[in-house]
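J.: sharing a sequence plus its predicted fold:
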Amino acid sequence: MAVPAPTVAAAPTAAPVVIRAGWVAKTANQMVWPLAKDAGYFDNYGVNFDLKYVNGSATAVAALVAGDLDVASVAGSAIVGAQAAGQEIVMVAGFLNQAVFRILANDDVKTIDDVKGKTVAVTRVGQADYFAWQTVIEHQHWGAEDVKFVNANDVAGQVGLLQQGQVQAIAVSPPNDVLARKSGAHLVLDTATLNVPEQNVGFGVTRAYLDANRSAVSSVLKASIEAMARWKKDAAFAKGVIQKYLESVDPQFIDDGYEAYGPLWPRAPYPSRDGMLKVIDEVSAQNPKAKDLDVDQLMDTSVVKELEDSGFIQQIYAT
């Protein structure tokens, strides 16, 4: 009688690392992690990525500090504000290292000069769109009192206030300018044309989480880099993600969101030192404690450098 061959037990597979993550604004520049999730990139690196929408970078930073989130895709201003408040939040990668906001206005405003003395709606004072206005104010050589701000909570609120005539202008990131145009607004300035470095969107974590979970942070970053590379070469997939997560079937909205950011995603996503210095300057006008921050303590570029030095990034873009 033949003796059955002995079976070899398969090596146990490590359980995926659960990482609780937040994206913070319903706009296309927040679609790196949704794309990575839908493409299965987190799974490929052994990460169970529990991704949720959180309204606003400040809310996400509070959740990081409280331990309710592990990682968040946030604005540089939130990192600066957190450290000014004594919280050890750092940016380990920069996904968007310049501000891309479009200023739209009603019929009372013909040019950006006409916004002086008017009321504008922001999602919230202290959020990224508020600081976009600080760049505009500086560029126009206006004073702090030359623009009045009201909170609208989100983009829908901004568009609604503009449409009702309660404010005269708003700043929104693509593709939300399409929503404003369809409500009757018109473009008066694209801040991208100012060519001002500003740390807009990046990967934020607490210093404690990074120190204790460096491998997990590296895995999230690998998936993020793959997502940005996929965006550049697979328009159909990226547009499907925009349609799904931003809940729109409007082709103009989807195309605008896709085209605005593809050229801007960096291959090696280091946070921008110059961009963070700009954010420190902006936040200092609201919070004087920010001006004393060391810009290099706001960022930890070592994880990106490890992936660049290892050849990982080159390999992703070569395939």
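T.: In hand now; what should we look at?
J.: any regions of the stretch 151-300 of the chain where pLDDT drops low?
T.: Along the stretch 151-300 of the chain, no part satisfies pLDDT under 70.
J.: strands of that one, start to end?
T.: Using DSSP state E, counting those that start in this stretch, the strands found in the stretch 151-300 of the chain span residues 169-172, 186-190, 197-206.
J.: tell me which of those sits nearest to residue 63.
T.: Closest approach to residue 63 among these is made by strand 197-206 (10.6 Å; CB to CB). Heads up, the C-betas are built off the backbone N, CA and C, glycines and all.
J.: picking that back up, need the strands of the stretch 151-300 of the chain in CSV with distance to residue 153 and mean neighbour count, can you?
T.: CSV is the format used below for the strands of the stretch 151-300 of the chain (distance: least, CB to CB, whole Å; neighbours: other CB atoms under 10 Å):
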stretch, distance to residue 153, mean neighbour count
strand 169-172, 13, 27
strand 186-190, 23, 16
strand 197-206, 20, 26
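J.: next one: residue 24 from residue 62, what distance?
T.: To residue 62, residue 24 is 11 Å away according to CB to CB, to the nearest Å.
J.: same question but for residue 294, I mixed them up
T.: Distance of residue 294 to residue 62, computed by CB to CB: 23 Å.
J.: these two - which one has more neighbours?
T.: Legend: neighbour count by other CB atoms under 10 Å for residue 294 and residue 62, higher for residue 62 (16 against 8).
J.: list of residues touching the host helix or strand of that one?
T.: Using DSSP states H and E, residue 62 sits within helix 57-66. Helix 57-66 has contacts (CB atoms under 8 Å, 6 or more residues apart in numbering) with 22, 24-25, 54, 69-75, 77-79, 81-82, 87, 89, 124, 126-128, 204-206, 209.
J.: of those, buried ones?
T.: 22, 24-25, 54, 69-75, 77-79, 81-82, 89, 124, 126-128, 204-206, 209 (16 or more other CB atoms under 10 Å).
J.: report the buried residues of stretch 158-167.
T.: In stretch 158-167, counting by 16+ other CB under 10 Å, buried: 158, 159, 160, 161, 162, 163, 167.
J.: touching, the first one and residue 127? I think so.
T.: No - judged on CB atoms under 8 Å, residue 158 makes no contact with residue 127 at a distance of 11.0 Å.
J.: tell me where the stretch 1-150 of the chain has helices.
T.: 32-39, 41-44, 57-66, 76-84, 128-140 (DSSP state H, counting those that start in this stretch).
J.: so which of those helices gets nearest residue 179?
T.: Among those, the nearest to residue 179 by CB to CB is helix 128-140 (13.8 Å).
J.: just give the closest residue to the one residue sitting closest to the centre of the chain, not the sequence neighbours.
T.: Centroid-nearest residue in the chain: residue 201, 3.0 Å away (criterion: CA atoms, centre = their mean). Nearest in space to residue 201, with sequence neighbours left out and distances taken as CB to CB, 6 or more residues apart in numbering, is residue 96 at 4.0 Å.
J.: can you list the buried residues in the lengthiest helix in the chain?
T.: What stands out as the longest helix in the chain, according to DSSP state H, is helix 214-233. Buried residues in helix 214-233, counted by 16+ other CB under 10 Å: 216-231.
J.: again, but for stretch 138-149
T.: In terms of neighbour count (16+ other CB under 10 Å), stretch 138-149 has its buried residues at 142, 147.
J.: ok, the closest residue in space to residue 22 that isn't next to it in sequence - contacts?
T.: Leaving aside its sequence neighbours, residue 22 sits nearest to residue 54 (CB to CB, 6+ apart; 3.9 Å). Residue 54 sits next to 22, 23, 24, 60, 63, 69, 72 when contact means CB under 8 Å, 6+ apart.
J.: next: residue 200.
T.: Counting by CB under 8 Å, 6+ apart, residue 200 makes contact with 29, 75, 76, 96, 97, 98, 99, 100, 128, 275.
J.: dump those residues to a markdown table, plus distance to residue 266.
T.: Output for these, formatted as a markdown table (distance: CB to CB, whole Å):
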| residue | distance to residue 266 |
| --- | --- |
| 29 | 13 |
| 75 | 16 |
| 76 | 14 |
| 96 | 9 |
| 97 | 7 |
| 98 | 10 |
| 99 | 15 |
| 100 | 14 |
| 128 | 18 |
| 275 | 11 |
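J.: which of those fall in strands?
T.: Counting by DSSP state E, the contacts of residue 200 place 75, 96, 97, 98 in strands.
J.: picking up where we left off before, pick the one among the buried residues of stretch 158-167 closest to residue 16.
T.: Residue 16 lies nearest to residue 158 out of the buried residues of stretch 158-167, by CB to CB, at 38.2 Å.
J.: now that closest one: how far from residue 319?
T.: 41 Å.
J.: repeat for residue 271
T.: As judged by CB to CB, residue 271 and residue 319 stand 26 Å apart.
J.: quick one, which of these two is more surrounded?
T.: Neighbours around residue 271 and residue 319, counted as other CB under 10 Å, are more numerous at residue 271. The numbers are 26 against 7.
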